[in-house]
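Peer 1: need a structure here:
(4 chains)
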Protein chains: 2
Amino acid sequence: MSEPIRELLKKNHMSITDSRLQILDLFYHAPGALAHADIEKKASDKIDRVTIYRTLQTFEEKGLIHTIPSADNSVKYALCKDHCAEGHHHDNHVHFVCEQCSKTICLEDVLVPEVKLPDGFEPHQSNMVVNGLCNDCRS
Amino acid sequence: MSEPIRELLKKNHMSITDSRLQILDLFYHAPGALAHADIEKKASDKIDRVTIYRTLQTFEEKGLIHTIPSADNSVKYALCKDHCAEGHHHDNHVHFVCEQCSKTICLEDVLVPEVKLPDGFEPHQSNMVVNGLCNDCRS
DNA sequence: TACAATTTTGCAATGACGTTGCAAATATTA
DNA sequence: TAATATTTGCAACGTCATTGCAAAATTGTA
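Peer 2: Below is the predicted model of the structure:
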């Protein structure tokens, strides 16, 4: 399967393993961001919890995925589009979390706006999360 | 001590207890937002972990404090200024997290800007967190 | 002020979550 | 194909958060 996924791993100097192929594949077919638990559930062959933690960590370090901050206490991950290099994320888009289905979606085209901070604060990076209803859940 | 704090509890229909007085007092004298662990450490009389959890939850439900989303996996709480009513937060200001001292500060005067979402998304609430250096840590 | 009713607290037990060390399994390189 | 390097899975561990329940504290009322 999934020649392009193999290529992606190769390009980023990672060994090609079943777990990694499977997890990356999940991300490519997921409707939104995935939490550790989602992956544990959805993985067809069962992958060890620890392997999932380590794989996510590796993917993040290599710039394949990024974390999404959340108001509750859970970390979600989503694919980085295009431009993320190793150790250097360009994750400056707005994230949307549906209050109904709790799907988490990257709004790649909506950039986080600049804000003017009070004197003394030196901004480096901004995150913005919008909560509401997604298209599927309005009705 | 702290007649105004007692008043605040009374006004919100909460029993006045030592734990609550002490925790509220911590919030009023804290430089920024507090995590559960901070409270556990700073409380002069030792308060049971469980009590702290329950107190924070109660305060949040009553609109005295609000949670601040974070990129890592920790929840912090900060006082709501003025206008929060029971179950109805007006927590629409930007939060700042210092990368150095990891102090978390409510920028009450910086409102989260509106963003235009793609069709189909119905926004209800927005959160924005800016990371960088605070005044004390620049030098 | 004292008593009954309600609320809150602290302890114990439990479970979810995340990390680490290490040996076995797998992938890569030559 | 063999040697080397990497990754995986298991076991053990520690932290964090939640729940039930009895004891303690607070509140409302007489």
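Peer 1: Any idea which residue is closest to the centre of chain A?
Peer 2: Residue closest to the average C-alpha location in chain A (C-alpha atoms, centre = their mean): residue A:78, at 1.5 Å.
Peer 1: How about that residue: what's its closest non-neighbour residue?
Peer 2: residue A:33 (4.0 Å; C-beta to C-beta, 6 or more residues apart in numbering or on different chains). Every C-beta, even on glycine, is put in place using the N, C-alpha and C of the backbone.
Peer 1: can you give me the strands in chain A?
Peer 2: Secondary structure of chain A (DSSP state E): strands at A:34-35, A:65-68, A:76-79, A:93-98, A:104-111, A:122-133.
Peer 1: who's in contact with the residue with the largest distance to the centre of chain A?
Peer 2: Distance from the centre of chain A peaks at residue A:119, with 32.9 Å (C-alpha atoms, centre = their mean). Shown in contact with residue A:119 (C-beta atoms under 8 Å, 6 or more residues apart in numbering or on different chains): residue B:135.
Peer 1: Give the residue spans of chain A that score low on pLDDT.
Peer 2: For chain A, the stretches with pLDDT under 70 are A:1, A:82-90.
Peer 1: what sits up against the longest helix that it contains?
Peer 2: Counting by DSSP state H, the longest helix found in chain A is helix A:49-62. The contact list for helix A:49-62, computed with C-beta under 8 Å, 6+ apart, reads A:12-14, A:19-20, A:23-24, A:36, A:39-40, A:43, A:65-67, A:77, A:86-87.
Peer 1: Just the buried subset of the residues you listed, please.
Peer 2: Buried subset of the contacts of helix A:49-62 (neighbour count, 16 or more other C-beta atoms under 10 Å in any protein chain shown): A:14, A:19, A:20, A:23, A:24, A:36, A:39, A:43, A:65, A:66, A:67, A:77.
Peer 1: My guess is the fifth one contacts residue A:7. True?
Peer 2: No. Between residue A:24 and residue A:7 no contact is recorded; they are 10.9 Å apart, counting by C-beta atoms under 8 Å.
Peer 1: So which bits of chain A are right by DNA strand C?
Peer 2: Residues of chain A lying close to DNA strand C by C-beta under 7 Å from any atom of the strand are A:15-18, A:36-37, A:49-50, A:53-54, A:57, A:74-75.
Peer 1: Repeat the analysis, applying 6 Å as the threshold.
Peer 2: Within chain A, the residues that sit near DNA strand C (C-beta under 6 Å from any atom of the strand) are A:15, A:16, A:17, A:18, A:36, A:37, A:50, A:53, A:75.
Peer 1: DNA strand D next: which of the residues you listed are close?
Peer 2: Contacts with DNA strand D within the residues of chain A next to DNA strand C, as defined by C-beta under 6 Å from any atom of the strand: A:15, A:17, A:50.
Peer 1: thinking again about what came up before, my guess is the residue nearest to the centre of chain A meets residue A:70, correct?
Peer 2: No. Assessed by C-beta under 8 Å, residue A:78 is found out of contact with residue A:70, at 11.9 Å.
Peer 1: Overlap in contacts, those two.
Peer 2: Each of residue A:104 lies in contact with both residue A:78 and residue A:70 under the rule C-beta under 8 Å, 6+ apart.
Peer 1: Next, the contact list for the residue nearest to residue A:27 when sequence neighbours are not counted, please.
Peer 2: Using C-beta to C-beta, 6+ apart and skipping residues adjacent in sequence, the residue nearest residue A:27 is residue A:79, 5.0 Å away. Taking C-beta under 8 Å, 6+ apart, we find residue A:79 in contact with A:27, A:28, A:64, A:65, A:106.
Peer 1: most surrounded residue in the residues you listed?
Peer 2: The most crowded member of these, judged by other C-beta atoms under 10 Å in any protein chain shown, is residue A:65 (26 neighbours).
Peer 1: list the contacts for that one?
Peer 2: Residue A:65 sits next to A:27, A:56, A:59, A:77, A:78, A:79, A:80 when contact means C-beta under 8 Å, 6+ apart.
Peer 1: Over to residue A:41?
Peer 2: Shown in contact with residue A:41 (C-beta under 8 Å, 6+ apart): no residues.
Peer 1: ditto for residue A:104
Peer 2: Contacts of residue A:104 (C-beta under 8 Å, 6+ apart): A:32, A:33, A:68, A:70, A:76, A:78, A:95, A:96, A:97, A:98.
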